[in-house]
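Q: coordinates only, no sequence provided:
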């Protein structure tokens, strides 16, 4: 936005800040929060503190630096209030779990390490964060964030202390961070309608078990390399001899790749589904729904890893719904998803939920290119979480205006 447009929104923005930043105790902190949001929304190539302060009429670089990097205000209640408002306004059909990367130079910025960087499509020096987004086909907004700390950070206490990582923070896999974010949102009485995620999460048995233990429905992408037994497959249960614990049942027939199961589907049983109107027309493809028993790691240990606790595996692989996409003219399916929803769920719904991940790319495009999500130059844990909370607030404000039929939101 141009400066005049941002200035005209100051009244509405002040009301928004008074609500979502109500937990921030000091008036001057809330004032600099409102100033920072205007800086994020204002046109400009870089959204780091110095250039934003120079563009704002009331910008003060030192005050903004202190507010973001040193001030001890807690960002969690701010994000929680944003989540409450956005879930009520959007009415999300799905919550999308995803992770996003921020290419970085050097080794000092909190969480930076050489790891896979989605922004570059290769291993590189970067930070990675896990996020939860509320989404429909027409609106979306992040609800929660957590910075991922590789083991090389958590195994170096002095390094964590210099970056102001909270004491006691330990390494957690991304799927475990995602479950923690969902638990935090559940404490607010916010529950995911359907959880959607890419194959990085879909292939994780502990993650799927963790969702099931929490009573959450999911539609998760798979890589297509997974193997499974047909629904009717029954494992052989060896006779119990009385010595030691009983032997769990074992499947005597080998599991087969998902593509082998798909190859048995008659072509005339594939269902043509249109899931949304894209920029180039209606998005349509052919789909099928199977009931299979994924032959992955299905042990008590996996359930305990996922935080399921009450799960007890009896040796029988659970039957799960598998959605596959097989476009006309292709020799094999091009996409697979697994769900704990019944196979009787309308295929149109399964497809719409599975494909709704595209909204996250819209979020990241606006958050990064429009609002400076990846422009933060600070090095500390506190500063990073303050910045992403402020960027989330800026996007939430703009999203609420877009959803308000009486509001005129500048492009």
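A: Great, that's in hand. Small disclaimer: the values here were computed from a predicted structure and weren't measured. Numbering: from 1, shown residues only.

Q: dump the residue contacts of residue 90.
A: By CB atoms under 8 Å, 6 or more residues apart in numbering, the residues touching residue 90 are 134, 135, 136, 139, 140, 141, 399, 403. All C-beta atoms are positioned from the backbone trio N, CA, C, and that covers glycine.

Q: so what sits opposite the nearest residue to residue 99 once chain neighbours are set aside in the bridge?
A: The shortest distance from residue 99 to any residue that is not its chain neighbour, by CB to CB, 6 or more residues apart in numbering, is 4.9 Å, and that residue is residue 130. The partner list for residue 130 in beta bridges (DSSP bridges) reads residue 99, residue 146.

Q: break the protein into its domains for me.
A: Residue ranges for each domain of the chain read 3-75+380-403, 79-198, 218-233+251-350, as given by automatic domain parsing.

Q: of all the ones you listed, which one comes closest to residue 361?
A: Using CB to CB as the measure, domain 79-198 is the one of those that comes nearest residue 361, at 9.3 Å.

Q: now that closest one, how far from the centre of its chain.
A: On the basis of CA atoms, centre = their mean, to the nearest Å, domain 79-198 is displaced by 7 Å from the centre of the chain it belongs to.

Q: what about the contacts of residue 90, which are in helices?
A: Per DSSP state H, helices hold the following members of the contacts of residue 90: 399, 403.

Q: just flag the most distant two among the contacts of residue 90.
A: Considering CB to CB, no two members of the contacts of residue 90 lie farther apart than 135 and 403, which are separated by 13.3 Å.

Q: looking at those two, which one has more neighbours?
A: Neighbour tally, residue 135 and residue 403, criterion other CB atoms under 10 Å: the higher count belongs to residue 135, 25 against 15.

Q: any idea how far the more buried one is from residue 353?
A: When CB to CB, to the nearest Å is applied, the distance between residue 135 and residue 353 equals 10 Å.

Q: overlap of the contact sets of these two?
A: Taking CB under 8 Å, 6+ apart as the contact criterion, the residues that touch both residue 135 and residue 353 are 93, 94, 196.

Q: tell me who's in contact with residue 106.
A: Listed by CB under 8 Å, 6+ apart, the contact partners of residue 106 are 112, 125.

Q: do that again at 6 Å, thanks
A: Contact partners of residue 106, counting by CB atoms under 6 Å, 6 or more residues apart in numbering, are absent.

Q: hang on, the earlier thing: pLDDT score for the residue nearest to residue 99?
A: The predicted structure scores residue 130 at 97 on the pLDDT scale.

Q: check contacts around it.
A: The neighbours of residue 130, taking CB under 6 Å, 6+ apart as the test, are 99, 146, 174, 177, 178.

Q: report the separation between it and residue 182.
A: 11 Å.

Q: where along the stretch 151-300 of the chain do the helices fall?
A: In the stretch 151-300 of the chain, helices defined by DSSP state H, counting those that start in this stretch lie at 151-154, 157-162, 174-186, 199-202, 205-213, 258-263, 300-305, listed in chain order.

Q: now the angle between helix 174-186 and the fifth one, please.
A: Counting by axes from the mean of the first three to the mean of the last three CA atoms, to 10 degrees, helix 205-213 lies at 20 degrees to helix 174-186.

Q: so which elements touch the helix or strand hosting residue 32?
A: Here residue 32, judged by DSSP states H and E, is contained in helix 27-41. Packed against helix 27-41, as judged by 3 or more CB pairs under 6 Å, 6 or more residues apart in numbering; DSSP states H and E, are the following elements: helix 10-20, helix 381-403.

Q: and the most centrally placed residue in the chain, which of the three is it?
A: The centre of the chain sits closest to residue 97, judged by CA atoms, centre = their mean, with a distance of 2.4 Å. In the three-state summary, residue 97 is assigned as strand, counting by DSSP: H, G, I helix; E, B strand; the rest coil.

Q: gap between the two ends of stretch 204-221?
A: End-to-end distance for stretch 204-221, by CA to CA, to the nearest Å: 11 Å.

Q: starting at the chain centroid, how far to that stretch?
A: 14 Å.

Q: ok, now stretch 251-266?
A: Its chain's average C-alpha position is 31 Å from that of stretch 251-266, according to CA atoms, centre = their mean.

Q: which residues outside it are in contact with it?
A: 224, 226-229, 235-236, 288, 295, 324, 332-333, 336.

Q: neighbour count and distance to residue 342 added to those residues, as JSON lines?
A: Written out in JSON lines, the entries for the contacts of stretch 251-266 read as follows (neighbours: other CB atoms under 10 Å; distance: CB to CB, whole Å):
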{"residue": "224", "neighbour count": "16", "distance to residue 342": "23"}
{"residue": "226", "neighbour count": "20", "distance to residue 342": "20"}
{"residue": "227", "neighbour count": "16", "distance to residue 342": "22"}
{"residue": "228", "neighbour count": "25", "distance to residue 342": "17"}
{"residue": "229", "neighbour count": "20", "distance to residue 342": "18"}
{"residue": "235", "neighbour count": "17", "distance to residue 342": "22"}
{"residue": "236", "neighbour count": "11", "distance to residue 342": "27"}
{"residue": "288", "neighbour count": "19", "distance to residue 342": "16"}
{"residue": "295", "neighbour count": "16", "distance to residue 342": "21"}
{"residue": "324", "neighbour count": "23", "distance to residue 342": "17"}
{"residue": "332", "neighbour count": "12", "distance to residue 342": "26"}
{"residue": "333", "neighbour count": "22", "distance to residue 342": "21"}
{"residue": "336", "neighbour count": "24", "distance to residue 342": "18"}
